[in-house]
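K.L.:
build me a model:
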Amino acid sequence: MRTIDWADGQIHLIDQTRLPAELVLLHVTELDPLIDAIARLAVRGAPALGVAGAMGVAMLAFRHEGDEAAIRSGAARLRAARPTAVNLAWGVDRALARLVEGRDAVLAEALAVRDEDIAACAAMATRGADLTRALVARERVRAMTICNTGALAAVERGTALGVIGELLARGVLEEALPLETRPLLQGARLTAWELAQMGAPFRLLPDGASASVLARGLADICFIGADRIAANGDTANKIGSFTLSLGARNAGVPFVVVAPESTVDLATPDGGHIEIEERGADEVTSIRGVRTAPEGTRTLNPAFDVTPAALITAIVTDRRVIRLDRGERPSDPILG
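P.N.:
Next up is the predicted model:
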């Protein structure tokens, strides 16, 4: 089952808030439910958001055919649903650019975004696994990761977790070490579920254990995804990624970002220009509806952080491997 797809004039997507307890498929036909699904993280992950943005514009083009103002107004609302992830806006803009050609052209572009994501994830898995062999001396690899970057974050396969899946397929994965990823536990709820589905050996870690586990020599490489990569290589990803990179640097463990080329935002010069989404207090003061903090507790709940390029070994995209540790940058020309 694909995480997100188009069928019968509807957007079909897995409601990730219901996992791992149950697998529920949403059928979205209107803009407000799509924006709600994005806001409450029923659909999440940079590649999946790009597809959601493009398909959302296609949905608008069919619902409001002939009313360009309504389509563009709805697209603007959709584009702003989550500010940090560049792929959402990219997907919206790409589909919207075909509006002058009619609704069928918009849908064709949205489906092209979907299909290109599937191909991109396959390419990233291969490039990432090949890079791992160059970076890790041990025959069998122990890979640490944060948040969810598997098929649930894309259409199929995924980004960083897709590389781990490729290592499993090649018979060289000793174990995956996913972090629980507070406060919404995407690692515990989603990544652990995906690893179990693929039959991969893994152990789930508390977020706070990552640095000490790395320092003890229990992991060989760290993989993260990305929601926006600046021109200089600074990378916005799920909160906790910066902390993980510091632990990796202290332990001398390679730290690798895996994301499609569409996540590279050359219009953003560095991480200081990336808007960081702040989310509600309930995510911190309660866990799945059960309050864990006193009433009235004030919170600071950034959904993302920015890992400086200096702490990243390499960025793997569907088109290239950018070795930041060798002075390469995303702004460099793509060769070949």
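K.L.:
so which residues of the stretch 151-300 of the chain form helices?
P.N.:
With DSSP state H, counting those that start in this stretch, the ranges of helices along the stretch 151-300 of the chain come out as 160-169, 186, 192-198, 210-215, 241-251, 282-285.
K.L.:
adding distance to residue 124 and mean pLDDT, write these out as a markdown table.
P.N.:
(C-beta placed from N, C-alpha, C; glycine too.) Compiled in a markdown table, the helices of the stretch 151-300 of the chain are given as follows (distance: least, C-beta to C-beta, whole Å; pLDDT from 0 to 100):
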| stretch | distance to residue 124 | mean pLDDT |
| --- | --- | --- |
| helix 160-169 | 6 | 98 |
| helix 186 | 19 | 97 |
| helix 192-198 | 16 | 97 |
| helix 210-215 | 23 | 98 |
| helix 241-251 | 17 | 98 |
| helix 282-285 | 29 | 96 |
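K.L.:
the ones you listed into TSV, with extra columns for distance to residue 331?
P.N.:
Shown next, in TSV, are the helices of the stretch 151-300 of the chain (distance: least, C-beta to C-beta, whole Å):
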stretch	distance to residue 331
helix 160-169	22
helix 186	30
helix 192-198	33
helix 210-215	30
helix 241-251	20
helix 282-285	34
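K.L.:
just put those in CSV and tack on mean neighbour count and distance to residue 11.
P.N.:
As requested, the helices of the stretch 151-300 of the chain are exported to CSV (neighbours: other C-beta atoms under 10 Å; distance: least, C-beta to C-beta, whole Å):
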stretch, mean neighbour count, distance to residue 11
helix 160-169, 26, 22
helix 186, 26, 21
helix 192-198, 18, 21
helix 210-215, 18, 35
helix 241-251, 21, 29
helix 282-285, 16, 25
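K.L.:
residue 115: which of those helices is closest?
P.N.:
Distances from residue 115 to each of the helices of the stretch 151-300 of the chain were compared by C-beta to C-beta, and the smallest falls on helix 160-169, at 16.1 Å.
K.L.:
how far does that closest one sit from the chain's center?
P.N.:
On the basis of C-alpha atoms, centre = their mean, to the nearest Å, helix 160-169 sits 15 Å off its chain's mean C-alpha point.
K.L.:
same question, stretch 253-272
P.N.:
Centre-to-centre, stretch 253-272 and its host chain are 12 Å apart (C-alpha atoms, centre = their mean).
K.L.:
same check, this time on stretch 47-59
P.N.:
Averaged over its C-alpha atoms, stretch 47-59 has a centre that lies 14 Å from its chain's centre (C-alpha atoms, centre = their mean).
K.L.:
buried stuff in stretch 310-329?
P.N.:
With burial defined by 16 or more other C-beta atoms under 10 Å, the residues of stretch 310-329 counted as buried are 311-322, 324, 328.
K.L.:
still on that earlier bit, among the helices of the stretch 151-300 of the chain, which is nearest residue 44?
P.N.:
When the helices of the stretch 151-300 of the chain are ranked by distance to residue 44, counting by C-beta to C-beta, first place goes to helix 186 at 7.6 Å.
K.L.:
what's in contact with that closest one?
P.N.:
Among residues not part of helix 186, those counted as contacts by C-beta atoms under 8 Å, 6 or more residues apart in numbering are 44, 147-148, 238.
K.L.:
let's see 10 Å
P.N.:
16, 19, 41, 44-45, 146-149, 152-153, 178-180, 192, 238 (C-beta atoms under 10 Å, 6 or more residues apart in numbering).
K.L.:
ok, so of those residues, who is nearest residue 279?
P.N.:
Ranked by distance to residue 279 (C-beta to C-beta), these are led by residue 41 at 9.2 Å.
K.L.:
tell me the bridge partners for the residue nearest to residue 145 when sequence neighbours are not counted.
P.N.:
Excluding its sequence neighbours, the residue lying closest to residue 145 (C-beta to C-beta, 6 or more residues apart in numbering) is residue 223, at 4.8 Å. In this structure, residue 223 has beta-bridge partners residue 145, residue 256, where bridges are defined by DSSP bridges.
K.L.:
count of residues packed around residue 223?
P.N.:
Residue 223 has 26 neighbouring residues, counting by other C-beta atoms under 10 Å.
K.L.:
low-confidence ranges in this structure?
P.N.:
336 (pLDDT under 70).
K.L.:
in it, where's the longest helix?
P.N.:
With secondary structure taken from DSSP state H, the chain has its longest helix at helix 103-135.
K.L.:
now do the buried residues in that one.
P.N.:
Within helix 103-135, the residues that count as buried by 16+ other C-beta under 10 Å are 103, 105-107, 109-111, 113-114, 116-117, 120-121, 123-129, 131-132, 135.
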